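Trainee: build the 3D model from these lines:
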Amino acid sequence: MARCLLGRIGLVAKLQLKPLTCRPLNSLSRSSIASTRCASSLIYHHHQAIDVRRPASNNATGFNSIQLSKSRTSWMMQQMKISVRFYNQKSWVVRDCKSIDEILETASKRIDESLPVADAAVWSSISRMITRQQFSKHRNTDTIEHQISVLLRFTCDSLTKLKPRQLSEITLSIAKIVQSIREANQRRRVSIYHQAFGKVLQESSSNPNQGIFHALAKATDANLPRFDARSLSNTAYAYALLGYDPKIDERSLLGVIAEKSIDCMHQFNEQDLANMIWSNAKLNVDNPRLFQSVGDAVASKRDLIEFAPQALANIVWAYATTKTQHAGLFQKVGDGIVAMVDLSSFAPQNLANIVWAYATNKTEHPGLFQKVGDSIVAMDDLRSFNPQNLANIVWAYAKNNTRHAGLFQKVGDSIVAMDGLRSFAPQNLANIVWAYATNKTQHHGLFQRVGNSIVAMDDLRSFNAQNLANIVWAYATINTHHPNLFRKVGDAIASSDGSKVFTTQDLANIVWAYAKLDVKNPSLFTKIGKSIGALDDLSSFNTQALSNIAWSFAVADVDVPVTFDDAFTRALIEKQNEFNVKDLRQLYQWHIWQIEKSNRGLPESIRWRCEQLFKNSRSLSSAPNDRSSSIPPESINVLKETHLPAYNEPLVENISYEEHELKPSSASGENIDSQPSIHPPKATDLELMTVPELKDLLRTKGLKVGGRKEELIARLLEEVT
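Mentor: Have a look, this model is predicted:
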């Protein structure tokens, strides 16, 4: 501003007269420089003319002092009067405005008087103030809305005159205003300003006014060759905040920005890289070249000192969300974090996002997980972690098959110590108990607290099918009894109206959990049995699901004939070559139970295989009534987990994670129409058998029973061939 003011006043430098020093520019405030009195005192001091000389040392203003001489006084005063008048007409220091009201009123007045308005500065200040709620509470909504419309119309008319940096700043500022409106709606703390801006900038509560942002996008596309790295990243970030990728001549604006970014990747600083890659992941823009280019840029850096913690978190989050692999990037980020003295500068959400990204991307980095776990354990408490942070962290460790007893104890103790779990979403609760069960970590207090919290709820309508299935699976896997919880969940499923969609694995997990803990709920089994019986095709059930469902109904002793009809038999035949010994144990016990009930048992080919494997085996010699102890079931591996990849904004702002549910892939298998041939035992089946079982099988064939296990298996295979 000092250079601009002095240039407009038309000062003449390098006068070789005796100087007299006056107040330096860096002692003047922005507003005082803009005023006539300060300009007068700046230019004319003790009736002396002015001489500007460049100082020997640099400071914030670029000038150390203004020196005055005794010549050209009258000429300089005349120039000063003209220039100050011109400056006061043109200049408007937006940052001096204390509220949105003041900005809108001043901007509207200047527009009416055809005076220039600094669009970028105005919108930037408004976006900052609406977030801080710097406005009056007693204004008329219609007046505010009119002033906003005037300012917006003026901005749209000026788009062709804006420089790239100004255009990107306006786009980002308006996007932040829309985001602030959405957050206010979620918190149900909507002011008249949120209402007024919302009417102008939004088409609905979730959709931005596409006309406005399409106009901004067209102006961006026209000026894109002149955009620098910061302008590119800010523009991409703005549209990612909106969740809107405008199309220009059937081209994705974010796609065009990505291609431009690749060409000037060397200009991007650390924050620009993070914002660009986060934006493309948020809008699901498929551009492998961009991800490869950004990954290479990060991996090639000597160190990561210049990256803010949130930038690192957002980068790896973006790659995990888009399922993009870049080993060099993940290794570099992991090594960089491990090399840090401590992680005190990382916010809880940064830590949660980082380990979530590594687990989701299936990237192992033991040092990173150890460092993050130790850092959390060393904290005095976990009050700064929200429920989703806690859920995502333990989920990541379980998903990555990484054990950290101290971390799981700390998180469990923290949850138990809370006043209540009302702030935990159903998916948070499901993911937490799933993680402890998968990690084989006992924490009785945690499971008791979560169970009590669910039981205390009025109903379970907020829980989806997968939440319920994973919760009971976790309690059964960790062998933790909570009768009231199982009664609540069972009754909720049995009385459901079909609004919850249960997958094949959900159904298998639920009945297995109730059978495993010997929880009686005939209405639940009847409901699930009829649901399975209503399916014409069970090819989506894998072998483990089929065997566990059969075993569970046998142990629960709930006879639902429609469950095991022709479709179930066809599914068994189609997958008979895929069943292992563990599956066959459960199926044969179900077969005995079915025969006892005078129902259809196993198909002949599978029954023959079971009999050949287990004839005279002690594991099948117990009475059918002793099913709960004779053949313990094998736990179902939960192949699907629910997680919130939360979107975490770049910079210092946070938005909540979005919840996504991963659907399990159906088990593949060929459809077999004709009766298959009988298959002898396979080597993999024999390897899973115990030595006594192998010896029993050898006796039935009249073969030698002495020797080591490998010799027994080889003898059986030789006899078969």
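
Trainee: skipping its backbone neighbours, what lies nearest Ala610 in space?
Mentor: One correction, residue 610 is Cys, not Ala. Nearest non-adjacent residue to Cys610, counting by Cβ to Cβ, 6 or more residues apart in numbering: Tyr588, 4.2 Å away. Backbone N, C-alpha and C define where each C-beta goes, glycine included.

Trainee: please apply the same query to Phe486.
Mentor: Nearest in space to Phe486, with sequence neighbours left out and distances taken as Cβ to Cβ, 6+ apart, is Val519 at 4.6 Å.

Trainee: show me what contacts the one you found?
Mentor: The contact partners of Val519, by Cβ atoms under 8 Å, 6 or more residues apart in numbering, come to 483, 486-487, 490, 513.

Trainee: could you check how far the closest residue to Asn207 other than its chain neighbours is from Phe568?
Mentor: In space, and not counting its chain neighbours, Asn207 is closest to Tyr244: 7.7 Å by Cβ to Cβ, 6+ apart. To Phe568, Tyr244 is 48 Å away according to Cβ to Cβ, to the nearest Å.

Trainee: please apply the same query to Gln370.
Mentor: Distance from Gln370 to Phe568, by Cβ to Cβ: 47 Å.

Trainee: ok, Val511 next?
Mentor: 14 Å.

Trainee: compare these two (neighbour count), which wins?
Mentor: Ranked by neighbour count (other Cβ atoms under 10 Å), Val511 and Phe568 place Val511 first, with 29 against 20.

Trainee: helix or strand for that one, which one?
Mentor: helix 504-516 (DSSP states H and E).

Trainee: same question, Ser531
Mentor: Using DSSP H and E, Ser531 sits in helix 522-533.

Trainee: for that helix, name the packing helices and strands.
Mentor: helix 483-494, helix 504-516, helix 543-556 (3 or more Cβ pairs under 8 Å, 6 or more residues apart in numbering; DSSP states H and E).

Trainee: angle of the last one against helix 504-516?
Mentor: What that stands for is helix 543-556. Helix 543-556 and helix 504-516 meet at an angle of 30 degrees, taking axes from the mean of the first three to the mean of the last three Cα atoms, to 10 degrees as the criterion.

Trainee: after helix 543-556 comes which helix or strand?
Mentor: That would be, after helix 543-556 and using DSSP H and E, helix 566-574.

Trainee: just checking, what packs against that next one?
Mentor: helix 543-556, helix 604-614.

Trainee: got the angle for it vs helix 604-614?
Mentor: 60 degrees.

Trainee: now the angle between helix 604-614 and whatever helix or strand comes next after helix 566-574, please.
Mentor: As assigned by DSSP H and E, the chain's next helix or strand after helix 566-574 is helix 581-596. Helix 581-596 and helix 604-614 are oriented at 110 degrees to each other (the same axes, to 10 degrees).

Trainee: so for helix 581-596, mean pLDDT?
Mentor: The pLDDT scores in helix 581-596 average 92.

Trainee: how distant is that helix from the center of its chain?
Mentor: Distance of helix 581-596 from the chain centroid (Cα atoms, centre = their mean, to the nearest Å) equals 43 Å.

Trainee: list the buried residues for that helix?
Mentor: Using 16 or more other Cβ atoms under 10 Å as the test for burial, helix 581-596 gives 581-594.

Trainee: could I get these in CSV, plus columns for distance to Glu604?
Mentor: Supplementary listing: the buried residues of helix 581-596 in CSV, determined by distance: Cβ to Cβ, whole Å:
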residue, distance to Glu604
Val581, 19
Lys582, 21
Asp583, 17
Leu584, 14
Arg585, 19
Gln586, 19
Leu587, 13
Tyr588, 13
Gln589, 18
Trp590, 16
His591, 11
Ile592, 16
Trp593, 18
Gln594, 14
